[in-house]
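*Asks:* Prediction below, plus the sequence it came from.
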Amino acid sequence: MQIENELLGYPRLKIIQDPNMFAFSIDSMLLGDFVKIKKHTKRIMDLCTGNAAIPLYLTVKTTAEIHGVEIQDKVFEMAQKGVKINNLSHQIHLHHRDLKGISKEVGKLSFDIVTANPPFFKVPANPHLNKNEYLTIARHEVMLTLEELIIEAAQLLNNGGSFYLVHRPDRLTDILSLLRKHDLEPKRMKLVQPRRHAQPNHVLIEAVKNRLEGGLIVETPLVVYHKDHWTKPILDIYNIGRESYVTQSTQP
């Protein structure tokens, strides 16, 4: 069942979700916050856009033109509804298709920023995948491999444009080698830990097209929880005050 929710601490933004099929997660908010918008940014592309959580979040930070690509029918329908109810059709443009080859449709080397919250997991040799097809496609590389994603990002970006990716730390070796293979130089990286002494479970990466000079900046890790509550950096990302969050989280 599709439901309309506020995009957490952003009451002017609504998002359409279906808890049984597809709902945005903290991954999208972490990535949206990690993106640095520059003054010259004119066009942004979000690959694997889902229900358009990242494009909606980015409208808080920029008036640039934002595109999103989603292949799944009902998930795309939720994205469309979300854009419409927020009156953002003038800024967010959605494409219902396989993202492979999207650069031929919207223009190669024509985007300043590309973002992606893709499927994290390789398909195992003897797969026991989720019976929910929507979740399987969202989580596993059934329809898109990591390299195919990076190839398309490189095709879309202009020289000096930035690719922003959220992924799993255990895929980091693959990610860094594939980025360099396709002329995307890693420039910033931030690990995300569920708790201060826990192993990281997400990594945020910015890579720049055809910019070899300079090194990789590894930022201070982001910690999500302190005891049972979100940390201040996470509350800031969600635009929620601590008192409001504690009240909501302790309701029965």
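*Replies:* Done, it's in. Numbers count the residues shown, from 1 in each chain.

*Asks:* hey, which helix is longest across this structure?
*Replies:* helix 73-85 (DSSP state H).

*Asks:* Would you mark the buried spots in the next helix or strand after that helix?
*Replies:* Using DSSP states H and E, the helix or strand that directly follows helix 73-85 along the chain is strand 92-96. Buried positions in strand 92-96, judged by neighbour count with 16 or more other Cβ atoms under 10 Å: 92, 93, 94, 95. Any C-beta I mention is one placed from the backbone N, CA and C, and that applies to glycine too.

*Asks:* and these as TSV, adding pLDDT?
*Replies:* Listed next are the buried residues of strand 92-96 as TSV, based on pLDDT from 0 to 100:
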residue	pLDDT
92	98
93	98
94	98
95	98
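
*Asks:* I'd like the residues you listed laid out as JSON lines, including distance to residue 195.
*Replies:* JSON lines is the format used below for the buried residues of strand 92-96 (distance: Cβ to Cβ, whole Å):
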{"residue": "92", "distance to residue 195": "35"}
{"residue": "93", "distance to residue 195": "39"}
{"residue": "94", "distance to residue 195": "36"}
{"residue": "95", "distance to residue 195": "38"}
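
*Asks:* For residue 92, which residues are in contact?
*Replies:* 52, 55, 56, 59, 66, 67, 68, 83 (Cβ atoms under 8 Å, 6 or more residues apart in numbering).

*Asks:* actually residue 26, sorry about that
*Replies:* Neighbours of residue 26 in contact, by Cβ under 8 Å, 6+ apart: 224, 234.

*Asks:* Any stretches of this protein with poor pLDDT?
*Replies:* 1-11, 21-24, 120-143, 241-252 (pLDDT under 70).

*Asks:* now do 90
*Replies:* 1-26, 72, 119-144, 212-214, 228, 238-252 (pLDDT under 90).

*Asks:* ok but residue 196 is inside a helix, no?
*Replies:* No. With DSSP: H, G, I helix; E, B strand; the rest coil as the criterion, residue 196 is coil rather than part of a helix.

*Asks:* which ones are touching residue 202?
*Replies:* Residue 202 neighbours (Cβ under 8 Å, 6+ apart): 27, 30, 166, 167, 168, 169, 191, 192.

*Asks:* Check which helix or strand the first one maps to.
*Replies:* Take DSSP H and E as the rule and residue 27 turns out to sit in helix 26-34.

*Asks:* how about the CA coordinates for that helix, as PDB?
*Replies:* Output in PDB follows, covering the C-alpha atoms of helix 26-34 (Å, rounded to 0.1, in the frame of the first residue of the first chain):
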ATOM      1  CA  ILE A  26      19.300   6.200   5.500                       C
ATOM      2  CA  ASP A  27      21.600   5.400   2.600                       C
ATOM      3  CA  SER A  28      19.900   8.000   0.400                       C
ATOM      4  CA  MET A  29      20.000  10.700   3.000                       C
ATOM      5  CA  LEU A  30      23.700  10.100   3.800                       C
ATOM      6  CA  LEU A  31      24.500  10.400   0.100                       C
ATOM      7  CA  GLY A  32      22.400  13.500  -0.400                       C
ATOM      8  CA  ASP A  33      24.100  15.200   2.400                       C
ATOM      9  CA  PHE A  34      27.600  14.100   1.200                       C
END
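
*Asks:* Tell me how far that helix lies from the chain's centre.
*Replies:* Between the centre of helix 26-34 and the centre of its host chain there is 6 Å, according to Cα atoms, centre = their mean, to the nearest Å.
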